[in-house]
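In: Provided below are the primary sequence and the corresponding predicted coordinates.
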Amino acid sequence: MRKIILSVILITILVLSIFSIHLFVESSTLGAHVVALKLDTGDTAWMIVATALVLLMTPGLGFFYGGMVGKKNVISTVLQSFMAMVIVTVLWVVVGFGLCFGPSIGGLIGNPMPNLFFQGVSANTAWELAPTIPMILFALFQAKFAIITPALITGAFAERVRFWAYLLFMVLFILFVYAPLCHMTWHPDGLLFGWGVLDFAGGTVVHMSAGWAALAGAMFLGKRKVQKSNPARITYVLLGTGLLWFGWFGFNAGSAVGAGSLAAQALGTTTVAAAAAAMGWVFLDKILGHKLSAMGACIGAVVGLVAITPAAGFVSIPHAMAIGIIASIVSNLVVSKFPKGKIDDALDVFACHGVGGMVGMLLTGVFASKSVNAIVGDNQGLIFGDATLFLIQLKALVLVSVFAFSVSYFLFFIVNKITPLRVSEEKEELGLDISQHGEYL
């Protein structure tokens, strides 16, 4: 049956790709937010580089996660990230971009029809909020955010998920969790955008959604047969952290959608927050009586990168340092107190990405400054004496948390009805590399 379904999918996409010019009529009226291109070659060059940097984060994540799991699950774990690049890219072109940035339907989701198979996603027009780069470049930059989000979730159910079930969940997650959150947060007609929610580069859209989905997945799939195993390669974790940190400059500085002062500010806050968080994590480990470990330094740096993501273009350098330290302390304590005996979040995705994203989102409401970014306006952060923005961020945090967790849990339930999510105990014992892919280190 699976062979038939996969054949139908391949043939359908192939036929629609070949005849899309006849099947889907390109419209010049794609919504009020598509404008004439005012090409800036500097902005365009930077955004091409930033797009490549963000894509590099996903294989970096594969190494980061792959080094943490047991040796018999490394290939499967890395491949889960790699296949996100494959599946989500195709899905994004077919329908994903339109769901996120198409004409708004009630501020909740975009109408995908005008942009099916990238119809109307032109090199000669621009997105209203990025008028100096071609719309196709903006669309491809946004695709990389969609790619890494389901890849982040995989760390929670590592070492026990069936690969085909994961691929199905990934597709459904993009359609029913990521796309609505992206539209509500980053589309000018989106619900959260209208509230005044600030999310510079994806603390809400990427990290909170992935974190809550990870918690839902860990709860739904249940515990691994053996929860503790020696990390396969800590050097992989170090390599993955370096690639993530490097790529994150595209993630955050690229979200300025131009090669200007705001991009430079976001690059600075990203650098400082990651360093401060890594320092905070290892210092706290020592204070609590643990050794200063390579794993701790890597996890701390990534938590800092997560936390600064929503705030990167809204806060000062010193406040970025504070965000990194606060987030690393909070996440470290959540990791140590997380009920691992009851909920097996294998690689602490919720405690690091979910909690880190929430801390960053709230601290954006504390430290956002109009002196850094004029879009903040008079509703500055709590530290400047105004609680308005903080309360907006808090309200959005509650909404996004409930939505991302509940819908993700439901999607795991649906996928499990279609095809079992968990491998058998025998295959788990054998390892996913052999049982799922017939390969091994």
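Out: Right, received. Where do you want to start?
In: C-alpha only now, for contacts and for neighbours.
Out: Will do.
In: okay, now the nearest residue to residue 23 once chain neighbours are set aside: neighbour count?
Out: Among residues not flanking residue 23 along the chain, residue 16 sits closest, at 7.6 Å (C-alpha to C-alpha, 6 or more residues apart in numbering). Residues contacting residue 16 under the criterion other C-alpha atoms under 10 Å number 16.
In: Report the secondary structure element holding residue 16.
Out: If you go by DSSP states H and E, residue 16 is part of helix 2-23.
In: go on, residue 272?
Out: Per DSSP H and E, residue 272 falls inside helix 261-287.
In: Show residues contacting the host helix or strand of residue 87.
Out: Using DSSP H and E, residue 87 sits within helix 74-91. With C-alpha atoms under 8 Å, 6 or more residues apart in numbering as the test, helix 74-91 has contacts from 55, 58-59, 61-63, 65-67, 69, 143-144, 146-148, 150-152, 154-155, 158-159, 163, 167, 170-171, 174, 232, 432-433, 436-437, 439-441.
In: Mind listing what's buried along the lowest-mean-pLDDT helix or strand in the chain?
Out: The helix or strand of the chain with the lowest confidence, counting by mean pLDDT, DSSP states H and E, is helix 2-23 at a mean of 86. Within helix 2-23, the residues scored as buried using 16 or more other C-alpha atoms under 10 Å are 16, 20.
In: So what angle separates the directions of it and helix 74-91?
Out: Using axes from the mean of the first three to the mean of the last three C-alpha atoms, to 10 degrees, the direction of helix 2-23 lies 30 degrees away from that of helix 74-91.
In: what distance separates helix 2-23 from the centre of its chain?
Out: Distance, stretch centre to chain centre, for helix 2-23: 28 Å (C-alpha atoms, centre = their mean, to the nearest Å).
In: max-length helix in this protein?
Out: helix 388-418 (DSSP state H).
In: so which helix or strand takes in residue 126?
Out: Assigned by DSSP H and E, residue 126 belongs to strand 125-127.
In: quick one: the helices in the stretch 301-441 of the chain?
Out: Taking DSSP state H, counting those that start in this stretch to define them, one finds helices in the stretch 301-441 of the chain at 317-337, 349, 355-367, 388-418, 425-430, 432-437.
In: and residue 35, that one's in a strand?
Out: Yes - looking at residue 35 with DSSP: H, G, I helix; E, B strand; the rest coil, it is inside a strand.
In: That one and residue 126 touch, don't they?
Out: Yes - between residue 35 and residue 126 there is a contact under C-alpha atoms under 8 Å: 5.3 Å.
In: When these two are compared, which one has more neighbours?
Out: More crowded of residue 35 and residue 126, by other C-alpha under 10 Å: residue 126, with 25 against 19.
In: Next, the contact list for that one, please.
Out: Contacts of residue 126 by C-alpha under 8 Å, 6+ apart are 34-38, 132-136, 138.
In: ditto for residue 313
Out: Residues near residue 313 by C-alpha under 8 Å, 6+ apart: 200, 252-253, 256, 262-263, 265-266, 269, 372-373.
In: same check, this time on residue 145
Out: Counted by C-alpha under 8 Å, 6+ apart, residue 145 has contacts 54, 202, 206, 251.
In: pretty sure the second one contacts residue 308?
Out: Just to be clear, that refers to residue 202. No - the criterion here is C-alpha under 8 Å, and residue 202 misses it with residue 308 at 9.6 Å.
In: Which pLDDT value goes with the spatially closest residue to residue 372 that is not a sequence neighbour?
Out: Nearest residue to residue 372 in three dimensions, chain neighbours excluded: residue 314, at 5.7 Å (C-alpha to C-alpha, 6+ apart). With respect to pLDDT, residue 314 scores 98.
In: Run a quick neighbour tally on residue 314.
Out: If you count neighbours by other C-alpha under 10 Å, residue 314 ends up with 31.
In: before we move on, what about the one 3 residues further on?
Out: Other residues near residue 317 number 20, with proximity taken as other C-alpha under 10 Å.
In: does it really touch residue 269, like I thought?
Out: Yes - applying C-alpha under 8 Å as the test, residue 317 and residue 269 come out as touching, 5.3 Å apart.
In: hang on, the earlier thing: just the buried ones among the contacts of residue 126, please.
Out: By 16+ other C-alpha under 10 Å, those give 34-35, 37, 132-136, 138 as buried.
In: so where's this protein uncertain?
Out: Where the chain drops to pLDDT under 70, the residues are 22, 24-31.
In: at 90 what do you get?
Out: The model of the chain has pLDDT under 90 over residues 1-3, 5-6, 16-32, 120, 225-230, 337-342, 378-379, 440-441.
In: backbone phi and psi for residue 431, please?
Out: phi 110, psi 140 (degrees, to the nearest 10).
In: Tally up the residues packed near the closest residue to it other than its chain neighbours, please.
Out: What sits nearest to residue 431 in space, not counting adjacent residues and going by C-alpha to C-alpha, 6+ apart, is residue 72, at 4.9 Å. By other C-alpha under 10 Å, 21 other residues sit near residue 72.
In: what's residue 72 in contact with, if anything?
Out: Neighbour list for residue 72: 430-434, 440-441 [criterion: C-alpha under 8 Å, 6+ apart].
In: Please apply the same query to residue 194.
Out: Residue 194 is in contact with residue 188, counting by C-alpha under 8 Å, 6+ apart.
In: State the helix or strand in which it lies.
Out: helix 191-195.
In: what comes up buried for that helix?
Out: When burial is assessed from 16+ other C-alpha under 10 Å, helix 191-195 yields the following buried residues: 191-193.
In: cool, and stretch 401-408?
Out: In terms of neighbour count (16+ other C-alpha under 10 Å), stretch 401-408 has its buried residues at 401, 403-405, 407-408.
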